[in-house]
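Engineer: Give me a model of this one.
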Amino acid sequence: MQGLKKSVVIGIAAATMLTTVAFEASAAKELRLATAAPQKTPWGAWMQGIADRVEKASGGELKIKIFFSSQLGNEQVTMRQTVRGRIDISGQSNTATSLVVPEFSLLSAPYLWDSPAHSDCAFDKYIGKVYAPMMKENGLIILTWVEVGQEIIFSRKAVKSPADMAKMKIRVAPTKPAVGYFEAVGANPVPLGTTDSIPSLKTGTVNAAVWPTVYGIAIGTHKLAPNVIVTNHGHQIGTLVMSKKIWDKLSAQEQSWLQKASDEAGALRKGVRGAEKALLAKIEKAGVPVYRPTPAEMEQWRAAAKPAREKLVRDTGGKAEAIWSEIIKARDACRG
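Structural biologist: Model prediction:
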């Protein structure tokens with residue numbers, strides 16, 4: 001009888017193990033992708049396109065399930081979970097990427113690039129070589145860049161120049177470049193994540209907010225802070241990354257499907273930039289004041305950028321000085 005019980009226990013354990021292994025193998029074929037982006041945005045459509053291409057290329061062997069609108073947590077949470085391997089893939093802004101590699105925040109230094117095309121050149125030809133190894137050391141594989149777009153200001157009151165923002169409480173991304181620039185402007189920056197920002201505007205904790213154009217309008221910031229100032233002071237570039245722990249478990253073929261499907265940065269750039277113009281025109285037509293600073297006012301906005309950039313490099317520490325040198329080289333090379 002005792003031997004029979006032992007055999008039954010061993011049999012149950014073996015069956016359980018086989019079931020677990022089978023489940024894990026099955027689950028590994030469906031990767032979870034987390035993003036703060038709403039589904040009906042350029043980012044949502046772009047990520048869905050990646051998922052569709054992966055499924056088609058793999059003949060259904062590899063699928064990606066996308067969790068939009070911070071369903072798995074805000075960007076900071078999902079980025080940390082991706083590093084740990086609890087989330088397979090995440091798409092996020094510069095803000096969240098900087099949590100893992102602080103030096104990545106240098107890329108959102110104010111007025112760093114002359115134009116979006118200038119930034120594209122630097123990222124495509126030079127920047128990836130600088131950051132890919134650092135991301136890998138910290139548990140992430142870069143699949144591609146994510147165009148987030150130009151940053152603008154949403155304010156309760158009309159703003160034209162930095163003088164109009166004296167001591168104003170303004171929501172900024174929880175990063176050194178965001179805080180440093182608006183301190184240099186003379187405002188009172190309040191660093192907040194994506195999920196806390198709209199409630200803070202509703203309660204009056206802040207009276208203005210900085211967002212990339214498309215995202216800010218998509219979540220309805222202009223309804224709470226109905227004065228839009230097109231400063232374009234920061235060009236936000238994020239990342240689509242995969243947990244190295246998960247990546248290393250994939251076959252070379254599966255890795256290839258993901259890489260090829262993700263090689264569509266140009267399409268997202270076009271989509272975001274087209275949406276920026278269209279959405280600004282849409283809310284302006286609906287009666288939202290959209291102010292574009294004059295050349296003289298733009299010089300005032302730009303004047304705060306240089307000291308903010310210098311302070312950013314000093315405060316970031318780590319490899320910031322060496323990497324900043326590489327960024328400047330890329331910037332200058334793409335001006336030629």
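
Engineer: helix or strand right after the longest strand along the chain?
Structural biologist: Determined from DSSP state E, the single longest strand within the chain is strand 140-155. Of the helices and strands lying after strand 140-155 in sequence (DSSP states H and E), the nearest is strand 169-172.

Engineer: Return the distance of the helix or strand Ile237 falls within from the chain's centre.
Structural biologist: According to DSSP H and E, Ile237 maps onto strand 235-243. Chain-centre distance of strand 235-243: 5 Å, with C-alpha atoms, centre = their mean, to the nearest Å.

Engineer: Pull out the buried residues from it.
Structural biologist: For strand 235-243, the neighbour count (16 or more other C-beta atoms under 10 Å) marks His235, Gln236, Ile237, Gly238, Thr239, Leu240, Val241, Met242, Ser243 as buried. C-betas here are computed from N, CA, C, even on glycine.

Engineer: Paired strands for the longest strand of the chain, with orientation please.
Structural biologist: Sheet pairing of strand 140-155 (DSSP bridges) gives strand 208-212 (antiparallel), strand 227-229 (antiparallel), strand 235-243 (antiparallel).

Engineer: which residues of the stretch 201-336 of the chain fall in helices?
Structural biologist: 213-218, 221-224, 244-247, 252-262, 265-285, 295-303, 305-316, 320-333 (DSSP state H, counting those that start in this stretch).

Engineer: Actually, the stretch 51-200 of the chain.
Structural biologist: Under DSSP H, counting those that start in this stretch, the stretch 51-200 of the chain gives helices at 75-84, 94-100, 116-122, 128-137, 176-185, 194-203.

Engineer: In the stretch 1-150 of the chain, where is pLDDT below threshold?
Structural biologist: Applying pLDDT under 70 to the stretch 1-150 of the chain flags residues 1-28.

Engineer: hmm, who's touching stretch 50-58?
Structural biologist: Residues external to stretch 50-58 that are found in contact with it (C-beta atoms under 8 Å, 6 or more residues apart in numbering): 33, 62-66, 240, 254, 257-258, 260-262, 264.

Engineer: Quickly name whichever of these is closest to Cys334.
Structural biologist: Nearest to Cys334, judged by C-beta to C-beta, of the contacts of stretch 50-58 is Glu264 at 21.3 Å.

Engineer: Around the closest one, how many other residues sit close by?
Structural biologist: 16 (other C-beta atoms under 10 Å).

Engineer: Show the buried residues in the contacts of stretch 50-58.
Structural biologist: Leu33, Leu62, Ile64, Ile66, Leu240, Glu254, Trp257, Leu258, Ala261, Ser262, Glu264.

Engineer: Just give me the closest of the contacts of stretch 50-58 to Ala286.
Structural biologist: Lowest distance from Ala286 to the contacts of stretch 50-58 (C-beta to C-beta) belongs to Ile66, with 29.9 Å.

Engineer: Quick check: closest non-adjacent residue to that closest one.
Structural biologist: Leu33 (4.7 Å; C-beta to C-beta, 6 or more residues apart in numbering).

Engineer: My read is that Leu224 contacts Lys202, right?
Structural biologist: Yes: assessed by C-beta atoms under 8 Å, Leu224 is found in contact with Lys202 at 6.3 Å.

Engineer: Tell me which of these two has more neighbours.
Structural biologist: With other C-beta under 10 Å as the criterion, Leu224 and Lys202 differ in neighbour count, and Leu224 comes out ahead with 19 against 10.

Engineer: Perfect, I'm done here.
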